[in-house]
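Participant: I need the structure of the sequence given here:
(chains A and B)
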2 protein chains.
Amino acid sequence: MTISVERTKTPKQKPGTDQLVFGKVFSDHMFICDYSPDKGWHNARIVPYQNLSIDPSTMTLHYAQSIFEGLKAYKTKDGHVNLFRPRENIKRLNASCRRLCIPTVDEEFALTAIKKLVDVDRDWIPEGDGTSLYIRPFIFATEPHIGVRPSTTYSFVIITGPVGAYYKEGINPVKIYVEPNYVRAVRGGLGEIKASANYAASLKAQVEANEKGYTQVLWLDGVEKKYIEEVGTMNVFFIIGDEIVTPELSGSILPGITRKSCIELLRHWGYNMNERRISIQEVYEAHEKGLLKEVFGTGTAAVISPVGELCWNGNVITINNGKTGPISQRLYDTLTGIQYGKLPDEFGWIEKV
Amino acid sequence: MTISVERTKTPKQKPGTDQLVFGKVFSDHMFICDYSPDKGWHNARIVPYQNLSIDPSTMTLHYAQSIFEGLKAYKTKDGHVNLFRPRENIKRLNASCRRLCIPTVDEEFALTAIKKLVDVDRDWIPEGDGTSLYIRPFIFATEPHIGVRPSTTYSFVIITGPVGAYYKEGINPVKIYVEPNYVRAVRGGLGEIKASANYAASLKAQVEANEKGYTQVLWLDGVEKKYIEEVGTMNVFFIIGDEIVTPELSGSILPGITRKSCIELLRHWGYNMNERRISIQEVYEAHEKGLLKEVFGTGTAAVISPVGELCWNGNVITINNGKTGPISQRLYDTLTGIQYGKLPDEFGWIEKV
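Facilitator: Okay, the predicted model is just below:
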């Protein structure tokens, strides 16, 4: 399928590198492609960024049949543009499609669409430490119909926008609230895919944690409310003695691409890296014994987000004196080094635009 | 807040009473009202039914921060228009708002909006047994922003459309598949509110049940996968010996208004009506002993939907010889009788437009 390109006649003013915030400013163009049962995916086009016109009965507004992905394009010192493991995002996009009864997209086609859009808006990729072009592919139901069943028509859209360094002063530990009541997802539900629905379920806990002075919540499993699942919108790792642990993918945990990359790096470096069930009780007991060395979240937005404090049922513990630990720092430096082309791409993770 | 009215200059052709289907045809007008932090809910207006123009980064497309309600307007033989317990829908709408961090709406204002819209499109209310005007109020996040947090702006929209009798030949038992793997909701999640997200989570199980020849699924609890929660998009009742049981509201079950009305009617009639935990095992054991007399779903769309067959892990049981039971029939006749003004409104459930 060819992708037509209609360039904007009224380019927008780009924000300065010091004015970049996450998710508010979008580039000049967007990709859009439609699905209908008779034509399949068709009419792939890059057009000026513009509003969508949707019927008020459009199914996604009523039944949240929508999924998304998030990845970034990085400008290297020598002027190249890097994507980090974009095929993993596209594979996960299709896993999300299958779970929500949405037709999948061809992987090579989706990769071409991402690259072509990034190329058209190449000038929007900011230059500066930690800055990047955030890329948001998403697919949503478009049929005007309010009976509950999968839609027959969809749109696959990609928008992009320049984003700043997640932490202006370098990586900085955050305070995390262990959520005792609300549940994000349970096995058998949508937790292991990137469904819009999961994020709706996370809002109230997030707001209440913020009100208590915490940045994000740590989610426990929906069945026993004992086992650790994720931190906010990130996966989470614990360094206990000489073991590094992250919760195994149990059916309700998002299989993060930064998570996967950290596991691969840590194993490559020879660490005792295990994916297994881990309870919040075990984490607190490890802290009690002086064995809890580092805790960190992993995700596309912040890459590595060290955790400096946990609060569980009123019990507050401080991790690594509230400072970024050496393994968190090494992972951050290595991943961002590869992303920005400062380090060699030993694992074949970079796709050039 | 006043509601302005702009009438359409190009009224649409109304479908014939025999051509009515659910959720495909919408009336000439819609209600819309906006929310912003500085103005609160404002600019309430009834306008010709029209597409919405939304930014592709509109938060609801990405994070499913949207909720809805469903109710009906019925035309009586003497030409009145009845709503059935609309205040209950508005109360639940606000409960949904609170859980999803959406600003609530004033109850009286929302009722006025519903009545005014129905009045403007009064000619769209079909006349004929079992037909009605379906009313769909919904609220969704409108801020163009792709960071995960509650939106700062929203739209409250109401659309309506004429719908036919749910069962053309009167009420008719359906076949239900007891879902062993997928989970709709778990306590601590969104199951007890009418979040769009819950419906996304239901699609795949529904499709797979349909492929096996079943109309809907029966959801078990997300923790133990033992206890009965809902049937598809309805609540469910079991008549076992001289007891009538419906699952108690456990935090993951939608508090249906038809459910509540059935409980009130059955108690008024002197039945031993209990809201309690009930396992699928208990239902099958009751059937084994010859005590399972009737099973039926309750909801706005079908009012009462008798269940003629259940399939649980390959074990198929037939209920009441696959026929509508006397209590299901009595509830259906009474509720529709009240809705269409054929029976006196003893409980004050009718709100006239």
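Participant: which non-adjacent residue is nearest A:E230?
Facilitator: Of all residues not flanking A:E230 in the chain, A:W219 sits nearest, at 5.1 Å (Cβ to Cβ, 6 or more residues apart in numbering or on different chains). C-beta here means a position set from N, CA and C on the backbone, and glycine is covered the same way.
Participant: Give the burial count for the one you found, as a bare number.
Facilitator: 27 (other Cβ atoms under 10 Å in any protein chain shown).
Participant: List the contacts of stretch A:27-37.
Facilitator: A:1, A:3, A:7-8, A:11-12, A:41-50, A:103, A:105, A:113-114, A:116-117, A:120-121, A:124, A:133, A:142, A:152-162, B:56 (Cβ atoms under 8 Å, 6 or more residues apart in numbering or on different chains).
Participant: ok, now stretch A:336-345?
Facilitator: Contacting residues not belonging to stretch A:336-345 are listed as A:72, A:74-78, A:80, A:82, A:84, A:130, A:132, A:303, A:334, A:346-347, A:349-350 [Cβ under 8 Å, 6+ apart].
Participant: where do the strands sit along the stretch 201-350 of chain A?
Facilitator: Counting by DSSP state E, counting those that start in this stretch, the segments of the stretch 201-350 of chain A that form strands are A:216-220, A:228-231, A:235-240, A:243-246, A:272-275, A:292-299, A:303-312, A:315-318, A:350-352.
Participant: per-domain residue ranges of chain A.
Facilitator: Listed domain ranges for chain A are A:4-163, A:174-339 (source: automatic domain parsing).
Participant: Kindly present those as a markdown table, with separate columns for mean pLDDT.
Facilitator: Output for the domains of chain A, formatted as a markdown table (pLDDT from 0 to 100):
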| stretch | mean pLDDT |
| --- | --- |
| domain A:4-163 | 96 |
| domain A:174-339 | 96 |
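Participant: out of those domains, nearest to B:T60?
Facilitator: Nearest to B:T60 among these is domain A:4-163 (6.6 Å), distances taken as Cβ to Cβ.
Participant: how much space between A:H29 and A:S132?
Facilitator: 17 Å (Cβ to Cβ, to the nearest Å).
Participant: These two: which is more packed in?
Facilitator: More neighbours surround A:S132 than the other of A:H29 and A:S132, with 29 against 25 (other Cβ under 10 Å).
Participant: Do I have it right that that one meets A:A73?
Facilitator: Yes. Using Cβ atoms under 8 Å, A:S132 is in contact with A:A73, at 6.3 Å.
Participant: intersection of neighbour lists for the two?
Facilitator: Joint contacts of A:S132 and A:A73 (Cβ under 8 Å, 6+ apart) are A:I125.
Participant: Out of the strands of the stretch 201-350 of chain A, flag the one nearest B:C97.
Facilitator: strand A:216-220 (20.9 Å).
Participant: contacting residues around the closest one?
Facilitator: For strand A:216-220, contacts defined as Cβ under 8 Å, 6+ apart pick out A:174, A:176-180, A:182-185, A:202, A:205-206, A:209, A:226-234, A:236, A:280, A:297, A:310.
Participant: From the centre of chain A, give me the residue that's furthest out.
Facilitator: A:K289 (33.4 Å; Cα atoms, centre = their mean).
Participant: Against chain B, how distant is that residue?
Facilitator: Applying Cβ to the nearest Cβ, to the nearest Å, the value for A:K289 to chain B is 30 Å.
Participant: again with A:G222
Facilitator: Distance from A:G222 to chain B, by Cβ to the nearest Cβ: 4 Å.
Participant: Quick one, which of the strands of the stretch 201-350 of chain A gets closest to B:E88.
Facilitator: Counting by Cβ to Cβ, B:E88 lies closest to strand A:216-220 out of the strands of the stretch 201-350 of chain A; the figure is 32.2 Å.
Participant: Sort out which residues of the closest one are buried, please.
Facilitator: For strand A:216-220, the neighbour count (16 or more other Cβ atoms under 10 Å in any protein chain shown) marks A:216-220 as buried.
Participant: And for stretch A:28-45?
Facilitator: Under 16+ other Cβ under 10 Å, the buried positions of stretch A:28-45 are A:28-35, A:41, A:44-45.
Participant: cool, stretch A:66-80 as well?
Facilitator: By neighbour count on 16+ other Cβ under 10 Å, the buried set for stretch A:66-80 is A:66-75.
Participant: is any part of it close to chain B?
Facilitator: Yes. Counting by Cβ under 8 Å from any Cβ of the partner chain, chain B has neighbours in stretch A:66-80: A:66, A:68.
Participant: And that stretch, end to end?
Facilitator: Stretch A:66-80 stretches 33 Å from its first residue to its last (Cα to Cα, to the nearest Å).
Participant: Likewise for stretch A:138-151?
Facilitator: 15 Å.
Participant: re earlier: got TSV for the domains of chain A, with distance to B:C262 too?
Facilitator: Output for these, formatted as TSV (distance: least, Cβ to Cβ, whole Å):
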stretch	distance to B:C262
domain A:4-163	21
domain A:174-339	28
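Participant: hang on, A:W124 packs against A:T160?
Facilitator: Yes. Between A:W124 and A:T160 there is a contact under Cβ under 8 Å: 6.8 Å.
Participant: who's more crowded, these two?
Facilitator: Comparing A:W124 with A:T160 by neighbour count (other Cβ under 10 Å), the higher total belongs to A:T160, at 28 against 21.
Participant: any idea which helix or strand comes after the helix or strand where that one lies?
Facilitator: Using DSSP states H and E, A:T160 sits within strand A:154-163. Helices and strands here follow DSSP H and E; after strand A:154-163, the next one along the chain is strand A:174-178.
Participant: quick one on the thing from earlier: so what sits against both of A:W124 and A:T160?
Facilitator: A:27, A:133.
Participant: measure A:E230 to A:R267 for me?
Facilitator: Distance of A:E230 to A:R267, given as Cβ to Cβ: 21 Å.
Participant: Comparing these two, which residue is more hemmed in?
Facilitator: Set A:E230 next to A:R267 and count neighbours by other Cβ under 10 Å: A:E230 wins out with 28 against 13.
Participant: Hmm, that one is touching A:V183, no?
Facilitator: No. A:E230 lies out of contact with A:V183 (Cβ under 8 Å); the separation is 11.6 Å.
Participant: Would you check that A:I317 makes contact with A:V295?
Facilitator: No. Applying Cβ under 8 Å, one finds A:I317 not in contact with A:V295, separated by 9.5 Å.
Participant: Name the residues contacting each of the two.
Facilitator: With contacts taken as Cβ under 8 Å, 6+ apart, the residues that reach both A:I317 and A:V295 are A:L310.
Participant: tell me, how many neighbours does A:P15 end up with?
Facilitator: Neighbours around A:P15, by other Cβ under 10 Å: 16.
Participant: Let me see the contact set for it.
Facilitator: By Cβ under 8 Å, 6+ apart, the neighbours of A:P15 are A:25, A:162.
Participant: same question, A:A64
Facilitator: Per Cβ under 8 Å, 6+ apart, neighbours of A:A64: A:195-197, A:200, B:64, B:66, B:195-197, B:199-200.
Participant: Looking at the residues you listed, state which has the most neighbours.
Facilitator: Going by other Cβ under 10 Å, B:A64 tops these with 33 neighbours.
Participant: Three-state assignment for A:T8, please.
Facilitator: At A:T8 the chain is in coil, as set by DSSP: H, G, I helix; E, B strand; the rest coil.
Participant: Please give me every residue in contact with it.
Facilitator: A:28-29, A:48-49.
Participant: Sitting in strands, which of these do you find?
Facilitator: Residues of the contacts of A:T8 located in strands (DSSP state E): A:29, A:48.
Participant: Hmm, A:P86 and A:L111 touching each other?
Facilitator: Yes. Using Cβ under 8 Å, A:L111 is in contact with A:P86, at 5.9 Å.
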